[in-house]
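Participant: Pasted the sequence and its predicted model underneath.
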Amino acid sequence: MPLVAVALLGSASVAHAAPKTVLAERVLAGARAGAADDGEEQAFTPEESEAQAALVAAEDKRLDQVRAVAAVAPLKGAKWSQPYRLDTGSGYTLVLTARTKPYGISDLLSLAPQTFVRKRDGSYLLTENLYLNAGAKLKLSNPGGLTVRMASSNKGFVSIVSFGGRLTLEGTAQAQMKIGSWDTRTNKPDTDVRDGRAYVRAIGGQFSMKYATVGDLGFWSGRTGGLSLTGTDRPDTGNIDGPDTPTSDDLNQREREKAADKAEEEAEQTPSSGGVLAQPPGELTTPDSRFTVPDMSYVSAEVDHSTVTGNTYGLFVSGATGVSITDTKVLKSFQDGLVLHRYVTNADVERTTSKDNGGNGFVLARATQQVKITGSTARSNGGNGFSLSGRPLASGPSASGESISSYGNNSVSNSTAEDNGRYGIEILGGVDVGVQNNTVRGGDMGIVARKDAAKVAITGNRLKGQIRQGISVRDGVTAAQVTGNIVENADTGVYVRDSVAEVRGNTIQDATNHGVSMVGGVGGSTISYNVIAGVGPSALDTVRANGETDIKKNQTFAWHDTSSFWTKFRHYASPMTLLWAFILLLILLAAVMGRRQHGSQGRGRRRRVHPYADKQTLATPPPTEIHLAAHNRHNPHNPHTPHNPHNRVPVMTHDQW
């Protein structure tokens, strides 16, 4: 039977983990009436939010105190190497200590006969907290299937926490292992998160889940969000007292007397002077806590052929390495589905579906590196299908002293994002990010890269039916490659703003506004070898672009231009074009005016006289013939009468005189 560790942790100094505070009860009493019974996302008042945050803080305090006691308990004697129970206020925490053989269902029935009870339907009801100490192993499995229900109601909730141990949830393909919250008042799963809910958490150590179903767990934070796999935190060694120097607050009257007798006996046997005690060489009985604070350790996890449904955060992972998640479904979470938070490295997510979650389907938060998502599906989520953030944790000196470097080497490939509320795939910062061979349907935008991301490869994707842009590269992205994609039925196929991108070899079909649009500072970008078809103002929209871009060999013959005359005028009326047109107009106007002026001068003014006209040689006119009067009288009307040359007399005209 487990030992009650009242000597190690007094009820006066502990936090009430599972029970609610008086404030929480008062606030939640009226709010619970309007809670959604189907587990849909719930809106919180400020008071409800504060109550949940207080419950999270109480859980943190409880775990810190349990951890502190568990760290020093083995030093008090062999009996503390066996499982024992801690009185944590109005509830209990059963501590499972390290041993070679994993604890199982039969062990829990023996160690906690009143708080781990088999029900008539074959399920098991857990009504106290379980805590796996470092090195302890708990395997919840049964060949014929297993159902574990964790008590969770307005009176309190329980948790299963592994600190450096190994927690295994295992079923079979024919008989899965099931674990979830259970409201003992209604005999239904607890769907109201405002008064807290049961949760499962692995802090460091190892976690394994195979052919299991986890449902309706968690509240408010990631670490209490339902199924949480996190790295260890630094313990507060100021709360740890050596086993041989217990304080009066930690001991009852009987044990204070025993401690006094023991101290007196040891004082008689151990040489001492002025408070300085002599000790034998070898291993220290009480390590020097100034230099023995452990560093953060990572949790490793394997999740396979499992289902997580109805949690606050579906599956929350932080401070982990070597994580493998395959053939798993994350459904109907109140917040995000699968969350890889801070310091997750070397993680593989394969053939996993995140569906109908209130937030994003898949989240790779800041400080995640070398994460690969392949063959997975994000469908009908309230936010993005996939959200990848590689932004640095700090932009300069900070209180936490975090690095200003970006994170990256993450990728999403051969996956599907369909009908998500915001974007299909969003990239926020980071370096060396790959989005390849994915299918994106619906959403406001298909694939979005922004916030100073660098070396982003968006290649071989197929996008269809986006409200605005199929692919958007904006807000300081550099060295982006947008190649070999097919974009159909989007308002704008590819949109680049204030970024540098190579848009090459894409096929854009049935666009309704622009094929490729360049806006702002896009100098150094390339648009080449794209095939663009659709109906709208322009196939290549560069009117609002600044900087030199290389545009060549794009096929736009299948584009139907619907722009008006003034739109086309504005399109071609660049400042340089207008300047040259104005200069040409001035030249033509000057030529016309000069010609008109020359003609008017010729008609209205006297012809100019040559200044040396009087010195010119006189022209010799032909001689004038005078016929004889007698001859004229003889034949006055006979034109055929021959002229007699002897009758002509040359005379000089008046001008020749």
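Facilitator: Great, that's in hand. Numbers count the residues shown, from 1 in each chain.

Participant: Would you confirm that residue 552 contacts residue 528?
Facilitator: Yes: counting by C-beta atoms under 8 Å, residue 552 touches residue 528, with 5.0 Å between them. (C-beta placed from N, C-alpha, C; glycine too.)

Participant: So which of these two has more stuff around it?
Facilitator: Taking other C-beta atoms under 10 Å, residue 552 and residue 528 do not tie; residue 528 has more neighbours (15 against 8).

Participant: Over to the more buried one: give its phi and psi.
Facilitator: phi -150, psi 150 (degrees, to the nearest 10).

Participant: so what's residue 365 closest to, chain neighbours aside?
Facilitator: Excluding the flanking residues, the one nearest residue 365 by C-beta to C-beta, 6 or more residues apart in numbering is residue 341, at 4.8 Å.

Participant: neighbours around the one you found, how many?
Facilitator: Neighbour tally, residue 341, other C-beta under 10 Å: 24.

Participant: Isn't it up against residue 222?
Facilitator: Yes: at 6.1 Å, residue 341 counts as touching residue 222 under the criterion of C-beta under 8 Å.

Participant: anything in contact with each of these two?
Facilitator: Here residue 341 and residue 222 have 316, 318 as joint contacts, going by C-beta atoms under 8 Å, 6 or more residues apart in numbering.

Participant: Find the nearest non-adjacent residue to residue 428, please.
Facilitator: Distance criterion C-beta to C-beta, 6+ apart; nearest residue to residue 428, sequence neighbours excluded, is residue 389 at 4.1 Å.

Participant: what about the one helix or strand the one you found maps to, distance to the chain center?
Facilitator: Residue 389 is located in strand 386-390, with elements delineated by DSSP states H and E. What separates the centre of strand 386-390 from the centre of its chain is 3 Å, taken as C-alpha atoms, centre = their mean, to the nearest Å.

Participant: Tell me the strands beside that strand, with direction?
Facilitator: Sheet partners assigned to strand 386-390 using DSSP bridges are listed as strand 362-364 (parallel), strand 423-429 (parallel).

Participant: mean confidence for that strand?
Facilitator: Strand 386-390 comes out with an average pLDDT of 97.

Participant: State the three-state secondary structure for residue 348.
Facilitator: strand (DSSP: H, G, I helix; E, B strand; the rest coil).

Participant: Show me where this structure dips below the pLDDT cut-off.
Facilitator: The chain contains residues with pLDDT under 70 at 1-42, 90, 233-280, 282-296, 564-574, 598-610, 613, 618-621, 623-657.

Participant: residue nearest the centroid of it?
Facilitator: residue 387 (2.8 Å; C-alpha atoms, centre = their mean).

Participant: doesn't residue 412 make contact with residue 377?
Facilitator: No: with contact defined as C-beta under 8 Å, residue 377 does not reach residue 412; the gap is 11.3 Å.

Participant: Which one's more surrounded, the two?
Facilitator: residue 412 (29 against 18).

Participant: if I pick the more buried one, what's in contact with it?
Facilitator: Going by C-beta under 8 Å, 6+ apart, the list of residues near residue 412 reads 362, 373, 374, 376, 386, 388, 425, 434, 435, 436, 438.

Participant: if I look at the first one, how far off is residue 214?
Facilitator: Looking back up the chat, that one is residue 362. For residue 362, the distance to residue 214 (C-beta to C-beta, to the nearest Å) stands at 18 Å.

Participant: before we move on, what about the last one?
Facilitator: Distance, residue 438 to residue 214, by C-beta to C-beta: 28 Å.
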